[in-house]
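Colleague: How does the following fold in three dimensions:
(3 chains)
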Amino acid sequence: MRIPAVTTATLTLAELKQIIVETLRLDAVPPESIADHEILFGGRLGLDSIDALEIVVALEQRLGVRIRLHDMETESFKTVATMHGAIQSYLASQAARPE
Amino acid sequence: MTVVTGMGTVSAAGLGKARLLAALRSGTPTLAHIDRSDGMHHRTSARLAACVEPEALRGAAAPTDARRMSNPSRFALLAACQALEDAGLPIPTEPDGERAVVVATAFGHTAFTQQMFDQILDLGPTLASPMLFSESVANAAAARVALATRAAGPNLTLAQGEAGPLLAVARGLAEIEAGRARTVLAGAADEMNPLVHAILDRFRALARARGDQPERARPFERRRNGFLAAEGASLLLLESEAAATARGATPIARILGAWSAFDPSAPPSGWGNGVDRLAARLRRGLTRFGRSPGDVDAIISGASGSRAGDRLEALVLRQAWGGQPLPPILAPKETTGEYGGAFLAAAVLAASGERWGSASDSVDVDPELGVGMSTLPLPATARCFLVTTLAAGGPASWLLLERP
Amino acid sequence: MPPARAEVAVTGLGVVSGWGWGVGKLDAALASGGTSIRPFVRFDHERYPTHVAAEVPERRAASESVGREASDLSFADTFAIAAAREAIAGAGLPGDLSNHDAGVFFASCTGGGFECESFYEAWRGRNLWRGPRRLLASHPVSRPGEAVARDLRVTGPVETVSSACASGTLAIGLALDALRTGTVDIAIAGGADSLAHITFGGFNVLQAMDEQPCRPFRAARRGLSLGEGGAVLVLERLSEARRRRAPILARLEGAGASGDAHHMTAPEPHGRGAAEAMARALRDADCRPDSVDWINTHGTGTVRNDLAEFHALEVVFGAHLDALHISATKGSVGHLLGAAGAIEAVATVLAIRNQRLQPAPGGGGIDPAIRVRLAREPVAASIRRALSLNMGFGGCNAALVFSSPGLGSEGAT
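Modeller: Residues are numbered from 1 along each chain as shown, chains lettered A, B, ... in the order given. Here you go, the predicted model:
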């Protein structure tokens, strides 16, 4: 089954939270309950490095953004808000790159 | 002396010893139709398997952990927690370096492995799930058990097909006797997914319906034509008898000894003709643990319904007994099926004094095998039990249990 | 019945690796400081992010030489059988062990998984019965060890460990136990694994694979490289080996194992579990940490593992770490998964046998956070006692202590 890539060059915070919840099968966590500035990894959600990699794969699948695990472990991916900002930068730089 | 002080079991019969015992007493396996919609089965294939009901897995782990676990891990985790509770042992707050984990698996975590490979093929390697890979390694179940029960001692996953469960107990025994662990969670965990079911059927290993004969495993019977595929997990809590006594725990069964051998005449997926050598190894093991065939009150046989496997088992037992009458033989795999360790759990239940069987003796034993087998309950006085498994491909393992 | 603490000797070695078929090729390679990790042809890896591995070079005669059932044998089975035959021959033992008390203690992580993948790729969604059955025959990970037992007509215990990267080391530990308790007289201990899509894809998707050949402990390290092959050690009680006048290559003095109980894939960052495994192995060998001269590390080349491993070494060896020679075989042969512990044990015995260091392949400075002495040249060194460590997925850790045959009880606790 091929998941169509999202063609939009933007991503809302709500959409990002939805991706996180779906990808990580957080059935008991409503996406809107994840605070924008809540620590994602090692926090109350119990997410770890494997979850980080799952998100990486999901982002590549859905947005065509390829993120290194190394970057996932920096400040820019700590919260949904910072992750969102980093992804926007990735999307912008990919759009700017010649084919 | 090493004893079993706790036991956990997850199988098609349900969760826990009582459910398994009820199933054994009914003499009827709990069967489900295997999903054949992927088209990989033959149209005349076996259709049934003894699968764990998904409902039974609710509450196997905290939701945040459960979301990532494969079925063998969930089964093993449930069984481990049951075993510890049964043994009266709490889960420690700090890692316990004296608790070992030995889990045997025949096929590993095949559903996740298959899913991941499907993703590699369909989505490309960069889009396969990291979580599936981390949970598809054969030792994922043992790792999950160690994580959840804070077991920081030796952590082993054994893979030896049908011989796995008894080998895991043998290994657990060795860890305790060598002083490398104080307690051991030992047993087996397996899942039966459609692909493995189809592969087993491809090798003609599974029982099939024939004419008016329903699909059913019939150990030692004249009409047997394969085994029942099963899944689940069973784990025993092992410790030294001295340690158990010191903390006031009541042993469920005593383990007198465990030993194993190999029949090199067996082809990779079948059974060979090494009767003499296997019988000699069986006798040697008994002798090593201070017993002779005459001391064995009952045999809990790993015969599963395989034509060749059950035949070899019968011949080996007869040879080992040297023409003397065999004690009563129980073949629990008729109900438990093969894989997942419920056979091991049934053997421990029998050794602990539990009895099951029908009032009338109605087994159509294959006369060629020369063994008597009945559905009557084992004698109440039986105290010494030989548990056997001859695996396809050559491995043979035996366990000697005693009622405490 | 032998005494419980009988001394155990290594009497034979067998190897199949990215360097080729035979211990001699590995021995020469370990002195050269080269790497066998290179672009491989086993399967099409164009869609994968990395493209190198230590692939076993094909040996056309292999399938003919292992008998008529060869077509049912997987790559892993073939590597296992070849390595076992070489080890048994080197030990001066017959190729038919049915009249000996022999057992096989083996390790594999994927078994015939590659062959099964080939079947599945062609036949998924279709009736299995129409595909070639031989590709499925060796699918379980228990098969390589059983193939060895069948080939050598072993009639004693056969056990297979599948505990990820620690499997081979654990299997050798089982062999040691079986010899000490008198369960067997001859133990054939080892492992085998082949390259496969699942593992190549899996480690890539975990972003744990380096695009270049792995560089354990180097500052520029970016991950592991996979390898494949088989490795076997023949072990016997020393008294038996002497009686038989068998070659005594080294002594296996102790084994230790532990679990991290920390995380499914990442090692406990302070190396606590690995330190515990080493400490247990040293206690089992009844020797002090400062009596160890050489360590064969797990050394995968991943950022996390090497750092955690270093911390574990610090805990166990303290100041003595500065005097220890450190080697990382995976730079030469890649990560052999189930066979890793076995091939690294072989490398350890070779170091003791040759009394010579094994230079680390590739250049580049060592990570300043990691204080280890990696050899640059195959110089002579006094290697009287060596320790081999492996740290597996799911937090399985295992260590072995080997010593030179002539070492007395010096260094005992």
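
Colleague: Check chain B and tell me which residue is nearest its centre.
Modeller: Geometric centre of chain B, nearest residue: B:Gly341, 2.4 Å, by Cα atoms, centre = their mean.

Colleague: who touches that residue in this structure?
Modeller: B:Gly341 makes contact with B:9, B:79, B:104, B:164-165, B:187-190, B:232-235, according to Cβ atoms under 8 Å, 6 or more residues apart in numbering or on different chains. C-beta here means a position set from N, CA and C on the backbone, and glycine is covered the same way.

Colleague: quick one: it from chain C, how far?
Modeller: According to Cβ to the nearest Cβ, to the nearest Å, B:Gly341 and chain C sit 16 Å apart.

Colleague: circling back to that earlier point, among the contacts of B:Gly341, which lie within helices?
Modeller: The helices, defined by DSSP state H, take in B:Ala79, B:Gly164, B:Pro165 from the contacts of B:Gly341.

Colleague: For the last one, give its distance to B:Gly270.
Modeller: Per Cβ to Cβ, to the nearest Å, B:Pro165 is found 20 Å from B:Gly270.

Colleague: if you count what's nearby, which of the two comes out ahead?
Modeller: Neighbour count, other Cβ atoms under 10 Å in any protein chain shown: between B:Pro165 and B:Gly270, B:Pro165 has more, with 35 against 18.

Colleague: how near is the more buried one to C:Asp193?
Modeller: For B:Pro165, the distance to C:Asp193 - Cβ to Cβ - is 24 Å.

Colleague: Tell me where chain C has strands.
Modeller: C:8-17, C:20-21, C:38-39, C:52-53, C:102-107, C:158-161, C:186-193, C:229-237, C:250-259, C:294-296, C:325-327, C:385-392, C:396-403 (DSSP state E).

Colleague: so what strands line up beside the fifth one?
Modeller: The one in question is strand C:102-107. strand C:158-161 (parallel), strand C:186-193 (parallel) (DSSP bridges).

Colleague: quick one: contacts for residue 71?
Modeller: Since no chain was named, I'll use chain A. A:Phe77, A:Ala86 are the contacts of A:Asp71 under Cβ under 8 Å, 6+ apart.

Colleague: Chain B was what I was after
Modeller: Contacts for B:Asn71 (Cβ under 8 Å, 6+ apart) come out as B:Val52, B:Leu57, B:His109, B:Ala111, B:Glu191, B:Glu231.

Colleague: wait, which of those residues is closest to B:Leu89?
Modeller: Minimum distance to B:Leu89 across the contacts of B:Asn71 is 23.0 Å, recorded for B:Leu57 (Cβ to Cβ).

Colleague: Name the nearest residue to the closest one, ignoring sequence neighbours.
Modeller: B:Arg74 (5.3 Å; Cβ to Cβ, 6 or more residues apart in numbering or on different chains).

Colleague: Check which residues of the helix or strand that neighbour falls within are buried.
Modeller: Using DSSP states H and E, B:Arg74 sits within helix B:71-87. For helix B:71-87, burial by neighbour count (16 or more other Cβ atoms under 10 Å in any protein chain shown) applies to B:71-84, B:86-87.

Colleague: Could you measure from the residue nearest to the centre of chain B over to chain A?
Modeller: 27 Å.

Colleague: looking at it, C:Ser108 is touching C:Ala196, isn't it?
Modeller: No: in this structure, C:Ser108 is not within contact of C:Ala196 by Cβ atoms under 8 Å, at 11.2 Å.

Colleague: neighbour-wise, which of those two wins?
Modeller: Neighbour tally, C:Ser108 and C:Ala196, criterion other Cβ under 10 Å: the higher count belongs to C:Ser108, 35 against 28.

Colleague: picking up where we left off before, which pair in the contacts of B:Gly341 has the greatest spatial separation?
Modeller: Maximum pairwise distance among the contacts of B:Gly341 (Cβ to Cβ): 15.1 Å, between B:Thr9 and B:Gly164.

Colleague: what's around residue 34, how many residues?
Modeller: Using chain A here. For A:Ile34, the count of nearby residues is 22 (other Cβ under 10 Å).

Colleague: Chain C was what I was after
Modeller: Count around C:Gly34 with other Cβ under 10 Å applied: 16.

Colleague: Let me see the contact set for it.
Modeller: Per Cβ under 8 Å, 6+ apart, neighbours of C:Gly34: C:Ser332, C:Pro361.

Colleague: now with 7 Å?
Modeller: For C:Gly34, the contacting residues are C:Pro361, by Cβ atoms under 7 Å, 6 or more residues apart in numbering or on different chains.

Colleague: do A:Asp48 as well
Modeller: By Cβ under 7 Å, 6+ apart, the residues touching A:Asp48 are A:Phe41, C:His263.

Colleague: average pLDDT for stretch A:22-29?
Modeller: Across stretch A:22-29, the average pLDDT comes to 90.

Colleague: brain fart, stretch B:353-361
Modeller: Mean pLDDT, stretch B:353-361: 80.

Colleague: So C:Glu240 sits against C:Ala187, correct?
Modeller: No: with contacts counted by Cβ atoms under 7 Å, C:Glu240 stays clear of C:Ala187, the gap being 11.0 Å.

Colleague: higher neighbour count, the two?
Modeller: A direct count of neighbours by other Cβ under 10 Å for C:Glu240 and C:Ala187 places C:Ala187 higher, at 29 against 17.

Colleague: Format the CA atom coordinates belonging to the longest helix seen in chain A as CSV.
Modeller: In chain A, taking DSSP H as the definition, the longest helix is helix A:80-96. The C-alpha atoms that make up helix A:80-96 are tabulated as CSV, following Å, rounded to 0.1, in the frame of the first residue of the first chain:
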residue,chain,number,x,y,z
VAL,A,80,5.7,19.9,19.0
ALA,A,81,6.2,23.7,18.6
THR,A,82,10.0,23.4,18.0
MET,A,83,9.5,20.3,15.8
HIS,A,84,7.0,22.2,13.8
GLY,A,85,9.4,25.0,13.2
ALA,A,86,12.2,22.7,12.2
ILE,A,87,10.0,20.8,9.7
GLN,A,88,8.9,24.1,8.2
SER,A,89,12.6,24.9,7.6
TYR,A,90,13.2,21.5,6.1
LEU,A,91,10.2,21.9,3.8
ALA,A,92,11.3,25.4,2.8
SER,A,93,14.9,24.4,2.0
GLN,A,94,13.7,21.3,0.0
ALA,A,95,11.3,23.6,-2.0
ALA,A,96,14.2,25.9,-2.7
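
Colleague: Could you give the average pLDDT over it?
Modeller: pLDDT averaged over helix A:80-96 gives 84.

Colleague: again, but for stretch A:52-60
Modeller: Mean pLDDT, taken over the full extent of stretch A:52-60, equals 91.

Colleague: near chain C at all, that stretch?
Modeller: Yes: using Cβ under 7 Å from any Cβ of the partner chain, stretch A:52-60 reaches chain C at A:Leu53, A:Val57.

Colleague: again, but for stretch B:259-278
Modeller: Yes: using Cβ under 7 Å from any Cβ, stretch B:259-278 reaches chain C at B:Ser260, B:Ala261, B:Phe262, B:Pro264, B:Pro268, B:Ser269, B:Arg277.

Colleague: so how far does stretch A:28-43 reach from one end to the other?
Modeller: 16 Å (Cα to Cα, to the nearest Å).

Colleague: buried set for it?
Modeller: Buried-residue list, stretch A:28-43, by 16+ other Cβ under 10 Å: A:Val29, A:Pro31, A:Ile34, A:Leu40, A:Phe41.

Colleague: how about the residue nearest to the third one when sequence neighbours are not counted, phi and psi?
Modeller: Think A:Ile34. Distances taken as Cβ to Cβ, 6+ apart put A:Lys17 closest to A:Ile34, at 5.1 Å, once the chain neighbours are dropped. Note on A:Lys17: its backbone torsions stand at phi -60, psi -40 [degrees, to the nearest 10].

Colleague: I figured A:Lys17 was touching A:Val80, is that so?
Modeller: Yes: under the criterion of Cβ under 7 Å, A:Lys17 makes contact with A:Val80 at 6.0 Å.

Colleague: Tell me the residues on chain A that lie near chain B, please.
Modeller: Taking Cβ under 7 Å from any Cβ as the contact definition, chain A meets chain B at A:1-2, A:24-28, A:46, A:50, A:53-54, A:57, A:60-61.
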